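Student: fold the stuff below for me.
(chains A and B)
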Amino acid sequence: MSRKETKVARVGQTIDADEVRDHCDTSRRSLRLNLQFAALSCMGGLILGNNSETEWLPLIAVFFAIFGFVVVDWLKLFSLPAVAAYIAMGGALLYCVTAFSDFTSPGSQQMTAVATLLVIVQAVLILQRKTIRIYEQLGVFCLLELVVAAVFNDALKYGLLFVPIMIVGCWCLALLSVIAAETGTSEIDSGALAGSELIRSRQIRDTASSPGRSNVAFVRASRWISLYAFWTVGPAVVAVGVIFFYGLPRTADASRITGGGNALVGFSDEVGLGQIGEMQQSSEISLRVGLTDAGSRQEYLAHGGIYLRGKVLEHYNSRTTSEQAAGSWSSIKPLLPSGAALPRQFQPSKKVDRNFYDTVKVAVSSESNRSRALFAVGPYFRTQRSREVVHLPSRGTLMRRDKELPRFGFEHPRLTYEFGTHAFDQGMQTELVAKTDGNQFPARNQSADRIVSFTDTFNSLRQVADANYRTELLSFDATAIPTARRLADLAMTGMQPASRKSYLVAKRLEQFFARENGFAYTLDLSAPTVEGVDPIEQFLANDRRGNCQYFASALAMMLRSQSIPARLVVGYHTDEYNHLNHHFVARQLHAHAWVEALIPREDLPPGLTVYGQPEADEYWLRLDATPSDGTNVSAEIGAIDQTLDVFQNLWDEYVVEMDAARQQNVLDQSGGSSAIGSSYSLMVARLALMLDNLRAGKLGGGSLSGKLLFSWPAALFGVVLTLFVFLCSRMRIPTWVRRSISSGASRRALKPSIPFYVDALVQLRRLGITPRAGQTPREFVDSADSQFPVEHRSLFRRPLNVVVDRLYQTRYRVAPDKTQLILDAQAAVAELKSLVDAALKRG
Amino acid sequence: MTNRRPTANPMLSSLNYGIGPQSGQRGESRQRNRFTRLGFHFLFVGAFAMLGGSIRGLNLLLVLAAVTVALLIVQWRVCKRMCESLSVQRRLPTEAFAGAPFRVRYRVANLNWFAPAWMMRVTDLVTSTDNRDSLPSFESAIRIGILAAGATATPSSEIIVGRRGRYEFDNLSIATAFPFALMLATQTTDHKQSIDVFPKLLPLQRDWRKRVHSRSGGNASTSRRSGATEGEFYGLRGWQSGDTLRQIHWRTTARLETPAVRQFEQQQRFDVCILVDGWLPGNADSAQNEQLEFVISMAATLAVQLSADPVSRVVLAVADQIPTTRTGGGQTGRLEMLRLLTNAAGTSSPDVVGAIEMACHSVGSVQELLVFSTRSQTQAAEQTDGLAGVLSEWARRGGLRWITPKDTAINYIFALGAPSAGSRMSETKPGPKSAVPTRRSLVYGAIG
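Tutor: This next block holds a predicted model:
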């Protein structure tokens, strides 16, 4: 706009008090809008900082949000020019795109790069002078940050931040609607905020307008719009969103793309001596274990905590040759490593035995894990919800049924499973578990010789494996760990040789690791290692300080030195109980290691009967050598932690883990007719089949893509199709098309009301001749005449002319007697019918 | 997403909105709901989240998709329903002058009896239709914060148009993007109305009458001294509806026992003829156009003032390609004169002689002739055959005033230094001698 025109636009304008107030309100509102968008950017960055790789992103987001609001929006000291902003965004893009150079690297490197790019670009936007376009971009970037965060962050923190982000976001959107009303959509495109000034400046050339006193009411209303939107429209948004989320057909199992470092580790086939100690540094929740009495279906109260077996380790490896001496435990591969279905519930021969044990159902919700190991309370048996787990009978541990890792993940997903147990009696967990004949091949239906011979072969193999296994459980390197035998002998000093039964020896050795003998529990693993000395030897001989793994390893070695088979068990020992949710919580810090010694039945104390389990020749005796200050880490948790845990559980159950089964439960709980439910299930099944095909790369029945999930041709086709549809939607329909459509719509002639003419038309329609809209009967007959074969034209022409003549005479002329006319016409129609019949017969 | 519905509203039909001398026809209203740019972004992100969440089983993406879809659905329903329940009408003023604000009134009704309407924007597209030059369209807009359920608001917009001419108001629309600015619902009504924006009126000096009238005496001065006169008595006739009581001849009424009124014969003798010489050179520049606008403004100012005086009889003649005349007197005559000046256009060959003869033919003899022109009298006489002869009669009687923008005498008639008086004329004190109007002060004629 030229200088002259600007002057012209201000002719006759006077600034009155309303305008001044309006201007003040506008600037106040824009400041409020800036503050809200700064808060939105701030929270968008916060939601991304969920792991170590992105924990610095919130710092950037918060700093630039505060700096931008104070310096750019409030004090107006500085603003980034558009060119500089573009350059900065380009630089950020180049910086972040380098992370995509290595596609083979595992983890969430690419996602981290995307998150970084979003935060940096958002920071650049914050530093610019705010226009409507900038506001929109800030909102969209916050939305994209939510998308990225949703992909690799499913913690409760996401949910806790999601709610305020939505509230502030809706607040911002409501204020944008105020600006849309103030400046109009064209002004939104032009991108300036100061509404009234814009209107005046847009009143081009020699015109200008001012909106009068209604501004005051407008500004007053705009102050309350956000509140109004929040209280009236907000519930509607929540309701629609909830219905959408829980009503959307679930065609895939709920999964988590992890990589945030929250997965459980330490339960693989080999566990280092310091690994459990490292796990105990974290307070992340690993398991939630709910105990339910099978009879009363009420919560079952266990006293003194529960032991959850995760992995059994039999073989000790010691590396003393290097500078850094290290030891580790590993498991021996069982005969059937894939596992077997959980055993059936043990039924005692005498019903009275049931009084000495409780039947408890254990529901375990396990976080994602990098190994297949699951956690169990032995002895266990199968229930209806135990399908996803298998067990290793000789080890007494559970595993996931799926063998392979998820295709795009590096961890096994979260899993909830259930099993039953007879391990509890009046709340106390038994320390003895019967040694079952592992890998017992079913001996039923042995009618066929082939099966019999195979069973014999398998049983012989099992016996060999059992012998090897027992040998491994007694493996003890007396030269590397001489102190173990010495201390064991020392511990048994005073025991009569007759009383040196394995049970009592084991118990004596377990009690040896008491404080009075100089042993102490510590998580400080910084003690220097001595070259050439086994870590267990160093623990027993020198340090006598360590975590549970050292205590358990030392006890196992001492037992083995006394020829008692022993193995190490790693898992969880927790007594943290959430009274709100009625479940035990096992955190990483509850990770624990203990020992199981194999005790012959005759060595058990007299009168000790193990109920709820089949009778066995040997029993596994749980021995926990760790001092009590190491195993009883947290007796009680605070109310806040309990509440958070409840929310976390709800978040996991009703949001993160929502799948088809849970959705069905939710829908069942919410009521509804069975017909609707069945049709809904049918629709879900169809959708699931379609999406399964899509996931399997069978787009269009497999003809449109290869076996890959992503197909470049399909992507290209999709992009082109989208562009085409978009252009078509924006394109104006050509005039000739509209004309033809409209003419086509009106081409169908109205049905005439004269009966004999209708009959004539029916006959002609049999030949495919129909009148067009706007044609008079005479024109129709003339045009129809040309459609008859030349040799028959004269035949058809006469009756048609008679019909049309009579039609006109009947319709338009005042005839004294129309009956004769109608009779003539009907005769002509009959003649026409015979002609049409003949023509059709001729073909 | 377009639907049509009639704007028939019993509550509003009784009001005078859109009905008047310059009103147009009110047609159907169309509603259109379209995504804003932000709405498209939300749509794409929501679709991505829904697809990604469904295929990969990521429930958090589905949560995001659910929120996005919920926002879009609620936005669509709320703004669509809100816009459907609104009714908007417009009322233009009866007269408007260039350079002075005139007020366009709107009546916005919320026909929904349950829900209020929020954040509306009423826009009008104003287009110049006189085709004199390519003046672009502009938008008149007002904003309404809240309209309670079943309530009606009558906001107004003040518009300043710097140039005379005929302007058309069309595409009256009301739009709202409430509550989330993701979708814009617009209801547009084909309600065409036009308004003549009259030439700008100039402020006058306090003693402008002395400067305008060349000499004292004559019928006008006599009339001013003796008050208003109805003319010479003509006869009596029966009373008709609309006749003033003052004209009833009571004696005859008593005799005939039916009301009778007196009839007077108006004098076919006009005091002043204002002649606008619409001369412009063939390739007139913007300054010359501005001068013509100034000339028309001077003529309009005096025409309005003189026709408001009950004793002055004014005839206005415009000499452009087709000479036209209008006689003043009363509101109708005043408006007709202003309308004539509004539509006056410059030409290189104005028929000045024809205009004068037409004026004389229509009203009889004219005592005084005020010619407003962009050229001097000499130049006009040279360029127009017979003009000198026609003017000689008034010149001989001293009844001719030839006024040009460069004439310093106009400073004694018009207070050019004072702000524009708008449609209401106010006589201001004569200030210090103001210079001949410069281009800077003639801002209303900015063309090209």
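
Student: ok, A:Cys42 - contacts?
Tutor: Contacts for A:Cys42 (CB atoms under 8 Å, 6 or more residues apart in numbering or on different chains) come out as A:Ala61, A:Val62, A:Ala65, A:Ile66. C-betas here are computed from N, CA, C, even on glycine.

Student: oh, I was asking about A:Val389
Tutor: A:Val389 neighbours (CB under 8 Å, 6+ apart): A:Leu342, A:Leu374, A:Leu398, A:Met399, A:Arg400, A:Arg401, A:Tyr417, A:Phe419.

Student: looking at those residues, spot the one nearest A:Pro789.
Tutor: Nearest to A:Pro789, judged by CB to CB, of the contacts of A:Val389 is A:Arg401 at 77.6 Å.

Student: would you point out which residue is most central in chain B?
Tutor: Closest to where the C-alpha atoms of chain B average out (CA atoms, centre = their mean) is B:Val197, at 2.7 Å.

Student: read off the pLDDT value for A:Ser52.
Tutor: Looking at A:Ser52, its pLDDT reads 68.

Student: should've said A:Arg662
Tutor: Per the predicted model, pLDDT is 68 at A:Arg662.

Student: same question for A:Ser186.
Tutor: Note for A:Ser186: predicted pLDDT of 45.

Student: so the one residue in the stretch 101-250 of chain B that gets nearest to chain A: helix, strand or coil?
Tutor: Residue of the stretch 101-250 of chain B nearest chain A, by CB to the nearest CB: B:Gly145 (2.5 Å). Using DSSP: H, G, I helix; E, B strand; the rest coil, the structure places B:Gly145 in strand.

Student: excluding sequence neighbours, find me the nearest residue to it.
Tutor: Distances taken as CB to CB, 6 or more residues apart in numbering or on different chains place A:Ala221 nearest to B:Gly145, at 2.5 Å, with adjacent residues excluded.

Student: same question for A:Asp293.
Tutor: A:Tyr300 (4.6 Å).

Student: surely that neighbour touches A:Gln426?
Tutor: No - using CB atoms under 8 Å, A:Tyr300 makes no contact with A:Gln426, being 10.4 Å away.

Student: can you list residues touching both of the two?
Tutor: Here A:Tyr300 and A:Gln426 have A:Asp358 as joint contacts, going by CB under 8 Å, 6+ apart.

Student: which of the two has more residues huddled nearby?
Tutor: Between A:Tyr300 and A:Gln426, counted using other CB atoms under 10 Å in any protein chain shown, A:Tyr300 has the larger neighbour count: 20 against 10.

Student: got a list of what the more buried one touches?
Tutor: A:Leu291, A:Thr292, A:Asp293, A:Asp358, A:Val360, A:Phe424, A:Gly427.

Student: same check on B:Arg90?
Tutor: Listed by CB under 8 Å, 6+ apart, the contact partners of B:Arg90 are B:Tyr17, B:Gly18, B:Val104, B:Arg105, B:Tyr106, B:Arg107, B:Asp124, B:Phe169, B:Leu172, B:His191, B:Gln193.

Student: CA atoms only for whichever strand or helix holds the fourth one - export them in CSV, please.
Tutor: In this assignment (DSSP states H and E), B:Arg105 forms part of strand B:101-110. Once non-C-alpha atoms are left out, strand B:101-110 reads as follows in CSV (Å, rounded to 0.1, in the frame of the first residue of the first chain):
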residue,chain,number,x,y,z
PRO,B,101,-18.7,7.8,7.4
PHE,B,102,-22.0,6.2,6.8
ARG,B,103,-23.4,3.4,8.8
VAL,B,104,-24.5,0.0,7.5
ARG,B,105,-26.7,-1.7,10.0
TYR,B,106,-27.1,-5.4,10.3
ARG,B,107,-29.6,-7.5,12.1
VAL,B,108,-28.2,-10.9,13.2
ALA,B,109,-30.6,-13.3,14.9
ASN,B,110,-29.9,-16.5,16.6
